[in-house]
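Model the following, please.
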Amino acid sequence: MEPKALLAALDSSQQFFERSTSALTEADSSYAPKEGMFSAAASVMHVALSIDWFIEGAFEREGGFSMDFEAHDKEARGCTSLATARARLERSYDRARSVIGRQTPASLLTPLPPGPVMGGAPRLAVVSGIEDHTAHHRGALTVYARLLGRVPPMPYMDPM
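Numbering: from 1, shown residues only. Purely as a prediction, here's the structure:
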């Protein structure tokens with residue numbers, strides 16, 4: 001697969017996430033449907049951190065993916081501002097596009113290190129992982145918006 005197609009997939013994923021979650025405002029940053037769940041801000045930060053995790057594990061970290069999920073969870077939950085989380089998400093997508101854009105088709109087909117996360121899959125598989133994980137959380141955040149009495153926009157249509 002060409003890097004260009006992967007970059008388009010990342011672009012779509014980001015656009016769908018931003019549209020789906022646009023009904024949430026900064027005032028909703030601390031909202032969580034139930035105690036112990038991610039707040040809206042923490043959820044968006046978790047998505048940003050996970051994009052970084054996928055990219056680091058596939059392209060930058062010797063030995064593959066970090067399994068220190070406790071540190072990841074703590075960092076995500078420490079975010080209390082949707083604006084901060086959204087800015088981080090934008091940087092994470094930009095970084096992912098930068099790393100993927102520098103790859104050759106051959107390097108994208110290089111297998112990931114053995115392990116419990118995508119072990120042996122081609123490195124390009126992380127883009128699908130990013131898409132799936134982001135879709136999961138954008139769906140959850142649309143439920144947050146509905147619980148707050150808002151109707152999230154259709155993610156697949158540009159606003160007019």
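
Checking Ala140 next. Helix, strand or coil?
helix (DSSP: H, G, I helix; E, B strand; the rest coil).

So for the chain, which residue is the most central one in space?
Val47 (3.6 Å; C-alpha atoms, centre = their mean).

pretty sure that one is touching Arg86, no?
No. Judged on C-beta atoms under 8 Å, Val47 makes no contact with Arg86 at a distance of 9.9 Å. (C-beta placed from N, C-alpha, C; glycine too.)

Tell me the confidence at the residue nearest to the centre of the chain?
pLDDT recorded at Val47 is 98.

check which helix or strand covers it.
For Val47, the host element (DSSP states H and E) is helix 40-55.

Chain neighbours aside, what residue packs nearest to the residue nearest to the centre of the chain?
Residue nearest to Val47 in three dimensions, not counting chain neighbours: His137, with 4.9 Å by C-beta to C-beta, 6 or more residues apart in numbering.

Likewise for Gly139?
Of all residues beyond its chain neighbours, the one nearest Gly139 is Ser20 (7.5 Å), with distances taken as C-beta to C-beta, 6+ apart.

buried set for the helix or strand where the one you found lies?
Using DSSP H and E, Ser20 maps to helix 3-21. Going by neighbour count (16 or more other C-beta atoms under 10 Å), the buried part of helix 3-21 is 3, 6-7, 9-10, 13-14, 16-21.

Also stretch 96-115?
Under 16+ other C-beta under 10 Å, the buried positions of stretch 96-115 are Ala96, Arg97, Val99, Ile100, Gln103, Leu108, Leu112, Pro113.

In this structure, where is pLDDT below threshold?
1, 159-160 (pLDDT under 70).

for it, what spans make up the helices?
3-21, 40-55, 69-77, 82-101, 105-108, 125-147 (DSSP state H).
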